[in-house]
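Trainee: model the structure of this input:
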Amino acid sequence: MDQIETYVIVPTYNEADNLDELLEQLLALPVSLGVIVVDDNSPDGTGQMADRWAEIHPGRVHVIHRPGKLGLGTAYIAGYKLALDELGAFRIMTMDADFSHHPRYIPAMIEMSRHKHVVIGSRYVPGGGQQNWDWRRIILSWGANLVTHVLLGLEARDTTAGFRLYRREVLASIPLDSIFSSGYSFLVEMLFMCQRRGWQIGEVPIIFEDRRKGQTKISRQEIFKAQYTVLRLFLRRLRGREPQRPSVPVVS
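Mentor: So this is what the prediction gives:
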């Protein structure tokens, strides 16, 4: 089998209702793509379902089993390390398992990565948006993005999106084990570190669809953690502890 260039990391916890359909659609895409499922010991058997896919598609589906819910950020880091160190991935993507991030956008994100180091599947660029959100969630998302723009100076329109692509050199430049955030605020900290290192960031418009099956994983505690992360990074920015480096050219 030819070298797989792109691996998609899919953290899971109780996603048995979604996993089969998601993996089927991912593996059917017309791009060189593999999948890394990082399962946090799902009681509903998601991890065992992923193992069956890995048996049927050796080399294309990989599974990391963890003993319990250890946080979204640490799940991503476990996937990054496998993709970088063992699989030799050129591009590493992250996405949710619940179809809020649809696989159909992946080819466009891979295409943009030829010209950008980081690509975000974005709700807040022309052509993007969200479906089936109530007004509270819309205000929460809009407010979170406004705060990260103002306090952290982030230039991307969608700074809290988990649908992302990183080129290999980006992740290799970041001290992954030193990232403090472990939940959804990990996404903001990663983007902050990418921008401060001069990596060029692009956005592909997507329609974010509320999950079809299962229950949302966002809690009030996660919101408080995100607020703390933004404040911590803002102070780091003010103190100059994360210097802004010049923009890095994209090398194909």
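Trainee: quick one: the strands in the stretch 1-150 of the chain, in order.
Mentor: Applying DSSP state E, counting those that start in this stretch to the stretch 1-150 of the chain gives strands spanning 6-12, 33-39, 61-65, 91-94, 118-122, 129-131.
Trainee: confidence score at Gly214?
Mentor: If you check Gly214, the pLDDT there is 52.
Trainee: ok so, going back, reformat the strands of the stretch 1-150 of the chain as JSON lines; add mean neighbour count.
Mentor: (Glycine included, C-beta is placed from N, CA and C.) Formatted as JSON lines, these follow (neighbours: other Cβ atoms under 10 Å):
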{"stretch": "strand 6-12", "mean neighbour count": "25"}
{"stretch": "strand 33-39", "mean neighbour count": "25"}
{"stretch": "strand 61-65", "mean neighbour count": "19"}
{"stretch": "strand 91-94", "mean neighbour count": "25"}
{"stretch": "strand 118-122", "mean neighbour count": "26"}
{"stretch": "strand 129-131", "mean neighbour count": "13"}
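Trainee: which stretches of the stretch 51-200 of the chain form helices?
Mentor: For the stretch 51-200 of the chain, applying DSSP state H, counting those that start in this stretch gives helices covering 72-81, 106-112, 135-152, 168-172, 185-196.
Trainee: among those, which comes closest to Asp210?
Mentor: Closest of the helices of the stretch 51-200 of the chain to Asp210 is helix 135-152, at 8.4 Å (criterion: Cβ to Cβ).
Trainee: packing partners of the closest one?
Mentor: With contacts defined as 3 or more Cβ pairs under 8 Å, 6 or more residues apart in numbering; DSSP states H and E, the packing partners of helix 135-152 are helix 185-196, helix 220-238.
Trainee: rerun at 6 Å
Mentor: helix 220-238 (3 or more Cβ pairs under 6 Å, 6 or more residues apart in numbering; DSSP states H and E).
Trainee: now what about the helix it packs on, what contacts it?
Mentor: The contact list for helix 220-238, computed with Cβ atoms under 6 Å, 6 or more residues apart in numbering, reads 147, 151-152, 181, 183-185, 188-189, 192, 242.
Trainee: of the residues you listed, which is the most crowded?
Mentor: Tallying neighbours with other Cβ atoms under 10 Å puts Ser185 at the head of these, with 26 neighbours.
Trainee: residues contacting that residue?
Mentor: 225-226, 229.
Trainee: Serialize those to TSV and add fields for neighbour count.
Mentor: Formatted as TSV, the contacts of Ser185 follow (neighbours: other Cβ under 10 Å):
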residue	neighbour count
Lys225	18
Ala226	23
Thr229	23
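Trainee: adding mean pLDDT and distance to Glu209, write the strands of the stretch 1-150 of the chain out as CSV.
Mentor: Listed next are the strands of the stretch 1-150 of the chain as CSV, based on pLDDT from 0 to 100; distance: least, Cβ to Cβ, whole Å:
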stretch, mean pLDDT, distance to Glu209
strand 6-12, 98, 16
strand 33-39, 98, 20
strand 61-65, 98, 24
strand 91-94, 98, 17
strand 118-122, 98, 12
strand 129-131, 90, 5
